[in-house]
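Undergrad: all I have is the shape, not the residue letters:
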Ligand SMILES: O=C(O)c1ccccc1N[C@@H]1O[C@H](COP(=O)(O)O)[C@@H](O)[C@H]1O
């Protein structure tokens, strides 16, 4: 598992999560400075910041790097990139003190390897349509800490639509993954009792907003409570 120690400018981070008793939760698309402390205070495992210029959640100049750097060290800070060069990714990582990257475009296994060797936790996203060819993901296995399965749509991510989760029943690779794509509070009960091979966490994004990039702390809090209370019950 990649650690932040080797990343220039990275803040200290918690140990990489081991196989969780409950689903890990990533809240993505953070760019509203006013909402950041409230969401961080809810204790998500990961917070995502989108650095894809075409996204309505693009961080751009909206967030001062110091605000991101000052977040609690218990939270993994993830930069989300789409077809960005390794050089640019590392510059952003250093500026914002990120410890993880989510690669949401057509990034190669070689680029995952470069970022992994730079000491970053690497999450490679794959779009899911009518079917998934898990064998095509094999070259990524050595270099990724997590995969992320998102719904195929018009945009690279943030389409707000779910896919057929049953497709993941056939998952047989050793890399744990996040489930993403249109997840909302209404899915909490089903997600908390999902038993899919390799499922490690969920990614909350557009369904938890009052406007693109403006997260609704009440809705995120409701989701976390629902997911975690179920997880706690099951671990007893
Ligand atoms: O949210 C975006 O705008 C975005 C843009 C480019 C790449 C990834 C993006 N978001 C990721 O998309 C998935 C699913 O989001 P949603 O729940 O369907 O809104 C999630 O992993 C975000 O990290």
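TA: Yep, it's here. Here the structure is a predicted model, which is why all the values come from computation and not from measurement. Numbers count the residues shown, from 1 in each chain.

Undergrad: C-alpha from now on. contacts and neighbour counts both.
TA: OK.

Undergrad: with adjacent residues omitted, what lies nearest to residue 216?
TA: Nearest residue to residue 216, sequence neighbours excluded (C-alpha to C-alpha, 6 or more residues apart in numbering): residue 209, at 5.2 Å.

Undergrad: the one you found and residue 185 touch, don't they?
TA: No. Using C-alpha atoms under 8 Å, residue 209 is not in contact with residue 185, being 11.7 Å away.

Undergrad: stretch 66-84: how far from the chain's middle?
TA: 10 Å (C-alpha atoms, centre = their mean, to the nearest Å).

Undergrad: how long is it from one end to the other?
TA: 23 Å (C-alpha to C-alpha, to the nearest Å).

Undergrad: ok, stretch 43-57 next?
TA: So stretch 43-57: terminal residues 21 Å apart, C-alpha to C-alpha.

Undergrad: is any residue of that stretch near the ligand?
TA: Yes. Residues of stretch 43-57 contacting the ligand under C-alpha under 6 Å from any ligand atom: 52, 55, 56, 57.

Undergrad: grab the most central residue of this structure for me.
TA: residue 26 (5.1 Å; C-alpha atoms, centre = their mean).

Undergrad: show me what contacts that one?
TA: 44, 45, 46, 47, 48, 201, 202, 203, 204 (C-alpha atoms under 8 Å, 6 or more residues apart in numbering).

Undergrad: check the gap between the last one and the ligand for me.
TA: In other words, residue 204. 5 Å (C-alpha to the nearest ligand atom, to the nearest Å).

Undergrad: next: the third one.
TA: From residue 46 across to the ligand, the span is 11 Å (C-alpha to the nearest ligand atom).

Undergrad: what is the burial count for that residue?
TA: 19 (other C-alpha atoms under 10 Å).

Undergrad: mind listing what it touches?
TA: 24, 25, 26, 27, 75, 76, 77, 78.

Undergrad: bridged to the first one, which residues?
TA: Read that as residue 24. Counting by DSSP bridges, residue 24 is bridged to residue 201.

Undergrad: you'd agree it is up against residue 45?
TA: Yes. Assessed by C-alpha under 8 Å, residue 24 is found in contact with residue 45 at 6.0 Å.

Undergrad: comparing those two, which shows the higher neighbour count?
TA: residue 24 (21 against 18).

Undergrad: pLDDT wise, what is the more buried one at?
TA: Confidence at residue 24, expressed as pLDDT, is 97.

Undergrad: and for the one 3 residues further on?
TA: Confidence per residue is given as pLDDT, and for residue 27 that number is 98.

Undergrad: and residue 14, by the same measure?
TA: 48.

Undergrad: show the end-to-end separation of stretch 22-29, please.
TA: 22 Å.

Undergrad: now stretch 113-127
TA: 20 Å.

Undergrad: sheet partners, orientation included, of the longest strand belonging to the chain?
TA: Using DSSP state E, we find that the single longest strand of the chain is strand 121-128. If you go by DSSP bridges, strand 121-128 pairs up with strand 100-103 (parallel), strand 146-151 (parallel).

Undergrad: by mean pLDDT, point me to the weakest helix or strand of the chain.
TA: helix 217-235 (a mean of 82; mean pLDDT, DSSP states H and E).
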